[in-house]
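Participant: Below are the sequence and a predicted model for it; my questions follow.
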Amino acid sequence: MKLLKDSKRALLKPHLLSVEDLSIPEVDILLNKANFYADANKQKGKIEKTLKRSTVITLFFETSTRTKTSFELAAKRLGANSIGINASASAIKKGETLIDTAMTLNAMHADVLIVRHPDSGAVKLLSEKVNCAVINAGDGTHEHPTQALLDALTIKRNKKNIKNLNIAICGDVLHSRVARSNILLLSKLGARLRVIAPPTLIPKNIENLGIEVFTDMKKGLVDCDIVMMLRLQMERMKGLYVPSTKEYFKFYGLDHEKLKKAKKDALIMHPGPMNRGIEIDSSLADNLDRSLIHQQVEMGVAVRMACLEMLTLGIDK
Amino acid sequence: MKEAYINAKILDPHKNKEFIGDIIIEKDKIIDVGPNIHKKEKPKNYTNIHDCKNLFICPGLLDMRVSFGEPISEHKAAFAGGITTVVCLPNTDPVVDNVSVAEYIQRKAREVSNLNLYTYGSITKNFDGENLCEMGLLSKAGVKGFTDATKSIENSAVLKRALEYSKAFDSLVIQFPEDKNLANDGVMNEGEISTRLGLAGIPSIAEVIIIERDLRLVEATGAKYHVSCVSTAESVEAIKNAKKKGIKVTCDTSPQYFTLNEMAVEDYRTFAKVSPPLRSEKDRVAIVNGLKDGTIDAIQSDHMPQDEDNKRLPFNNAEKGIVGLETLLPLSLELYHNKSLSLLDVIKKLTKNPADILNLDHGTLSKGSKADLLIFDPNKPFIVNVKKFKSKSKNSPFDKKPSQGKVIKTICSGEVSYPA
């Protein structure tokens, strides 16, 4: 990637692979910009086409509706040419290695590559072989940084300040990249994090990340400002981690009764897609006073616009 | 005609002595060892007199766990690492589970070089974990022990039968201890790092659980049993207690388990992906202590060549293994340099001890034994450079590591095999 002379980069690192790549001021820049776009999107205001003449490629090795659409929409709103590659129908199926795919796309001179892959670390491996900016749109059970950023923006717009909020992340933490990114980002922004899950779904030594761990949801929810539910990822499980979804909902599903333990104005989040009746009571998910689930999707586009703009700022397009 | 290596610091693991002296060899045999003995005869009776100028001489190293595959072409790497005897895992294609494959490998090895190459047989046919191999016939064909290589014998009844049956032929059963169900689809050690990286972890108890079960069966059967690739603190403790109790058990480890810990795989470094996985710092220290107190008898390289394409993949899909032949000596010498072991004790774990476990007539300087010698400088500093490896594969996490201890000359069957 060619940097313009006397240009000012907004972000220090060329890629967005992990929340750990971002400093606190960089997170602030991204969230402020995203906040601006969130308002602009709402008012259908005129948005400057800052990514005109840029090419954005989405490369998804896992199926996705919301993240892929969200990125493609973000790219289009900023005036970029965006192309989606369906990895399941491409050369990868014909046995091409990840590195060869990276080299091929690199030769096409894209400006931003947005990648999702079922293996942890795969997006980083790919980023080492290309000259363009790479955004991690989810790698295995490792990270999903733009999801954490959009969650942070959603919280910020509803609670003003993230600092000192009590945030509970509940459910299948073991298989969740969203949980890892959120723990890292929200702790960085000063929130107090806790995870609530059955012991079989808590990753080993997660308390070393500076968070509290609960296996009793009613105790864990006490005093919470934000309750973030995670999807039970049956497709990633080899063998049974919980005996049944019925039992899971009984002890770890969010319902009205358990929610009473949290603060009165506690808000509910979910990265989607939801399993209604497994991790969350259907009527709670639809309760617009408590649930931020639709706002999260809305903020997704704004945050991805900010990421695309900031990553390409100061680069010769 | 005779050759003399004089003024050397001789490390004799059998006599448990270090002294300055000479070694006289004739053809492929050692005929005499001792201080100043070359003067017994006139200089013209020697074809060569090599002044070792206070370099160290010890028996050529014996590496009891390597994967060579076929065709056998790693002998140059072995010699470059000071190794004159290797014992190969039966994980070839086809598996060494019958006499014809065992004989084929030994014959092929003799054709390519004079490296002393032996092979293990598998415990079960094609590593199926159920049906025993012809242990008797394989033993007669020269197989040095039985192991399912990188697979644990899970079925307790099968292992019990293998242990019982092996006694008839005084054979050694070698276990690779990892509970398959606990390891599940794990790719690294389970702990904070695996949590951060989002990689599936293998809990350290997956190892000791197999060892503890096995020890019960060994106690009950009285068979000869050896544990390969010990990597956890709990395993060291279990084996230590068993030895105290008088159970016949021996074990080994590889340099990566006392020189590296799980931090080496951070940033998804697939070159440090090994099986068993690199463990915590607490485990690493326990391995060093196990080597110190004699719980761990031998050090082997677990040499496992992988081509780069199989390593340059997402961590989950990358192959396991390290090429270890050419780093075995310098990495083991770290134990000497950091004062964990004496130089003689390090050499014992690379020569006499594995030879005793496998009942092999190698790794010794006694008169009449094969002239397999290693001349080395334990202090010479250098930087590991995988590009200079003689091994066909370069998959080593130790590239660019500053090290100490260099092979000067490897003599195998009286011939200088390195430098070639």
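Facilitator: Thanks, I have it.
Participant: Run through the chain and note the low-pLDDT ranges.
Facilitator: I'll assume chain A. For chain A, the stretches with pLDDT under 70 are A:1-8, A:88-94, A:314-317.
Participant: my bad, chain B
Facilitator: B:70-71.
Participant: Show me what from it comes close to chain A.
Facilitator: B:184-185, B:190-192, B:194-201, B:203, B:267-268, B:309, B:312-317 (CB under 8 Å from any CB of the partner chain). To be clear about C-beta, it is placed using only N, CA and C from the backbone, and glycine gets the same treatment.
Participant: how does it look with 7 Å?
Facilitator: Residues of chain B lying close to chain A by CB under 7 Å from any CB of the partner chain are B:184-185, B:190-192, B:194-195, B:197-199, B:201, B:268, B:312-317.
Participant: For burial, what's the neighbour tally of the nearest residue to B:A355 once chain neighbours are set aside?
Facilitator: In space, and not counting its chain neighbours, B:A355 is closest to B:G363: 3.8 Å by CB to CB, 6 or more residues apart in numbering or on different chains. Residue neighbour count, defined by other CB atoms under 10 Å in any protein chain shown, stands at 27 for B:G363.
Participant: Check which helices and strands the longest helix seen in chain B sits against.
Facilitator: In chain B, taking DSSP state H as the definition, the longest helix is helix B:205-221. Counting contacts by 3 or more CB pairs under 7 Å, 6 or more residues apart in numbering or on different chains; DSSP states H and E, helix B:205-221 is packed against helix B:156-166, helix B:180-183, strand B:224-227, helix B:233-245.
Participant: Mark which of the residues of chain B next to chain A are buried, thanks.
Facilitator: The neighbour-count test (16 or more other CB atoms under 10 Å in any protein chain shown) marks B:190-192, B:194-195, B:197-199, B:201, B:268, B:312-316 as buried among these.
Participant: and these, which two are the farthest apart?
Facilitator: The two members of these with the most space between them (CB to CB) are B:E192 and B:R312, at 26.1 Å.
Participant: for chain B, what are the nearby residues on the stretch 51-200 of chain A?
Facilitator: A:97-99, A:117, A:119-122, A:124-125, A:140-143, A:177, A:180.
Participant: mind running it again at 8 Å?
Facilitator: A:97-99, A:117, A:119-122, A:124-125, A:139-143, A:177, A:180.
Participant: Report the beta-bridge partners for the nearest residue to A:A137 once chain neighbours are set aside.
Facilitator: Counting by CB to CB, 6+ apart, A:R116 is the residue found nearest to A:A137 once chain neighbours are left out, at 4.2 Å. Bridge pairing for A:R116 (DSSP bridges) gives the partners A:F60.
Participant: Centre of the chain to the host helix or strand of B:F258, how far?
Facilitator: In this structure, B:F258 sits in helix B:256-259 according to DSSP states H and E. Here helix B:256-259 is found 13 Å from its chain centre; the criterion is CA atoms, centre = their mean, to the nearest Å.
Participant: What is it packed up against?
Facilitator: helix B:281-292, helix B:328-337 (3 or more CB pairs under 8 Å, 6 or more residues apart in numbering or on different chains; DSSP states H and E).
Participant: ok and the shortest one relative to helix B:281-292, angle-wise?
Facilitator: Counting by axes from the mean of the first three to the mean of the last three CA atoms, to 10 degrees, helix B:328-337 lies at 90 degrees to helix B:281-292.
Participant: List the contacts of the most centrally placed residue in chain B.
Facilitator: Taking CA atoms, centre = their mean, the centroid of chain B lies closest to B:Q300, which sits 1.9 Å from it. The contact partners of B:Q300, taken as CB atoms under 8 Å, 6 or more residues apart in numbering or on different chains, are B:63-66, B:228, B:252-254, B:324, B:328, B:354.
Participant: A:G272 too?
Facilitator: A:66, A:231, A:293, A:296-297.
Participant: Now restrict those to buried residues only.
Facilitator: A:231, A:293, A:296-297.
Participant: Next one: A:A285 from chain B, what distance?
Facilitator: 27 Å (CB to the nearest CB, to the nearest Å).
Participant: just the strands in chain A please.
Facilitator: Assigned by DSSP state E, the strands in chain A fall at A:55-60, A:81-86, A:112-117, A:133-139, A:166-170, A:192-196, A:212-214, A:226-229, A:267-269.
Participant: Please enumerate residues in contact with the host helix or strand of B:V407?
Facilitator: Following DSSP H and E, one finds B:V407 within strand B:402-412. Residues outside strand B:402-412 that contact it (CB under 8 Å, 6+ apart) are B:25, B:55, B:60, B:79-84, B:114-116, B:327, B:329-331, B:333-334, B:337, B:371-384, B:416-419.
Participant: Counting only strands, which of the residues you listed make the cut?
Facilitator: In strands, judged by DSSP E, the following of the contacts of strand B:402-412 are found: B:25, B:83-84, B:116, B:373-383, B:416-418.
Participant: ok so, going back, so which of the residues of chain B next to chain A belong to strands?
Facilitator: B:G201.
Participant: what separates B:D399 from chain A, distance-wise?
Facilitator: Taking CB to the nearest CB, one finds B:D399 at 17 Å from chain A.
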